[in-house]
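K.L.:
How does the following fold in three dimensions:
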Amino acid sequence: MDKIDNIHEVLSAIERSERLLVSAHARPDGDAIGSILAMGMVLEQMGKQVDMVSCDRVPLIYRGLPCAPRIRQMCTVDGPYDAVILLECDGIERSRLEGLEGRFLINIDHHVSGRAFGHVNWIDHRACAVAEMVYDLALAAGARVTPEMATCLYTAVLTDTGSFCYAGTDMHTFELAGDLVRLGANPMTIAQNTYFAHPEAKMLLLGAALCNLRREGNIAWMWVTHEDMLRTKAVEEDCEGLVNYAIGIAGVEIAVFLRELPDRKVRLSIRSKGVLNVASVAEVFGGGGHHHASGCTLAGPLPVAEEQILACLQSRLRAQRQGVGDRV
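P.N.:
Numbering: from 1, shown residues only. Have a look, this model is predicted:
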């Protein structure tokens, strides 16, 4: 089934529905938040009743996006929804929402780890962000892409491409960004709100992480403990993007950021400059993501998690050098 058929199938399911709920993965990033908001705007232009929800709160840097206060934080879905649209999830578990079982699910995803778990599934690994898919859907639906919608979509594309740095960024990506700017997105304002509006706690947490920075060959890693989180008064969203400081080191090809959770499990963010498909590494531990950016959670404790991920990465790199590595 090609993209046009996928879009028509999604639109057909939407047209049969009157009341819809839109959500994305837990611990939402810029693509998740921007795409939820843009999808909600598209659905309302189609005359639908829409609720936008997330099991976690909207991160601080995205709360200024148009309509962001309309995303309600909830853990349980309760209501007579005709359909639920899940963005960027490889299963209902990834949303961390209760009450989705038995509901009609529309699954829209662009991750290489995406799975067809919904009643309607549109998975496009070539899309630079799920926002690109929402944009295509808006055009196919005949919706007017307003400046507010363009702002949400541009924010999603900017953040999910690593400021247009990740593998897969190409001429088409910039054409998409250009379209959104022409439709009313302001690149300077969006960049400033995204990258120059961090809370002090995040900077203090970054300092703690950099004190723990380690490197072995072309792999770099750093970590923070739960005590670091408490001491700096940081929250979960303050961890987003810290791994980029490790991947930014000259000569480093793979970077890992490890965060100890209150229950002593360890959450990992993994980045690659392209030498290795880190989505396949995260999948080993029950996670997933992109070729260049992925995540997972290990049982811990922190030293054991550190040993496990380094051993896995080093093994994959050795296998790749020997010509038998991951070719995904």
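K.L.:
pLDDT on stretch 22-32, on average?
P.N.:
Averaging pLDDT along stretch 22-32 gives 95.
K.L.:
Straight-line length of it, end to end?
P.N.:
For stretch 22-32, the first-to-last residue distance is 10 Å (Cα to Cα, to the nearest Å).
K.L.:
now swap in stretch 174-192 and tell me
P.N.:
End to end - Cα to Cα - stretch 174-192 spans 19 Å.
K.L.:
So for that stretch, mean pLDDT?
P.N.:
97.
K.L.:
And the contacts of it?
P.N.:
For stretch 174-192, contacts defined as Cβ atoms under 8 Å, 6 or more residues apart in numbering pick out 128, 132, 135, 145-151, 153-155, 157-158, 163-164. Where you see a C-beta, it was placed from the backbone N, CA and C, and this is true even at glycine.
K.L.:
And the chain, split by domain according to the record?
P.N.:
When the chain is parsed with automatic domain parsing, its domains come out as 3-194, 201-321.
K.L.:
what sits against the residue found closest to residue 258 once you drop the neighbours it is linked to in the chain?
P.N.:
By the measure of Cβ to Cβ, 6 or more residues apart in numbering, the closest residue to residue 258 outside its immediate chain neighbours is residue 223, 3.9 Å from it. Residues in contact with residue 223, defined by Cβ under 8 Å, 6+ apart, are 209, 212, 257, 258, 259, 260, 302, 306.
K.L.:
Mind doing that once more with 10 Å?
P.N.:
208-209, 211-214, 256-260, 266, 268, 302-303, 305-306 (Cβ atoms under 10 Å, 6 or more residues apart in numbering).
K.L.:
can you tell me the helix or strand for it?
P.N.:
Here residue 223 sits within strand 219-224, counting by DSSP states H and E.
K.L.:
Also residue 159?
P.N.:
Counting by DSSP H and E, residue 159 is found in helix 147-160.
K.L.:
Could you give me the buried positions within that helix?
P.N.:
Neighbour-count burial for helix 147-160, counted by 16 or more other Cβ atoms under 10 Å, picks out 148-160.
K.L.:
In those, find the pair that's most separated.
P.N.:
148 and 160 (19.1 Å; Cβ to Cβ).
K.L.:
In this structure residue 27 contacts residue 238, no?
P.N.:
No: the criterion here is Cβ atoms under 10 Å, and residue 27 misses it with residue 238 at 11.6 Å.
K.L.:
The lowest-mean-pLDDT helix or strand in the chain: what's the following helix or strand?
P.N.:
Sorted by mean pLDDT, DSSP states H and E, the helices and strands of the chain end with strand 288-289, the least confident at a mean of 84. Later in the chain than strand 288-289, the nearest helix or strand by DSSP H and E is strand 293-298.
K.L.:
What mean pLDDT does whichever helix or strand comes after that next one get?
P.N.:
Beyond strand 293-298 in the direction of the C-terminus, DSSP H and E gives the next helix or strand as helix 302-321. Across helix 302-321, pLDDT averages out at 93.
K.L.:
what about residue 146, how many neighbours?
P.N.:
By other Cβ atoms under 10 Å, the residues close to residue 146 number 16.
K.L.:
separation between it and residue 49?
P.N.:
Taking Cβ to Cβ, to the nearest Å as the measure, residue 146 falls 19 Å from residue 49.
K.L.:
part of a helix, is residue 126?
P.N.:
No: going by DSSP: H, G, I helix; E, B strand; the rest coil, the assignment for residue 126 is coil, not a helix.
K.L.:
In contact with residue 82, which residues?
P.N.:
With Cβ under 10 Å, 6+ apart, residue 82 has these contacts: 13, 14, 16, 17, 18, 19, 20, 21, 48, 49, 103, 104.
K.L.:
How about residue 94?
P.N.:
24-27, 86, 88, 109, 111, 113, 115, 117, 287-288.
K.L.:
Take these and keep only those in helices.
P.N.:
The members of the contacts of residue 94 all map outside helices under DSSP state H.
K.L.:
In strands only, show me the residues you listed.
P.N.:
The strands, defined by DSSP state E, take in 24, 86, 109, 288 from the contacts of residue 94.
K.L.:
What about those, which one has the most neighbours?
P.N.:
Going by other Cβ under 10 Å, residue 24 tops those with 30 neighbours.
K.L.:
and that one, bridged to which residues?
P.N.:
Beta-bridge partners recorded for residue 24 (DSSP bridges): residue 87.
K.L.:
Next, work out how far apart it and residue 285 are.
P.N.:
21 Å.
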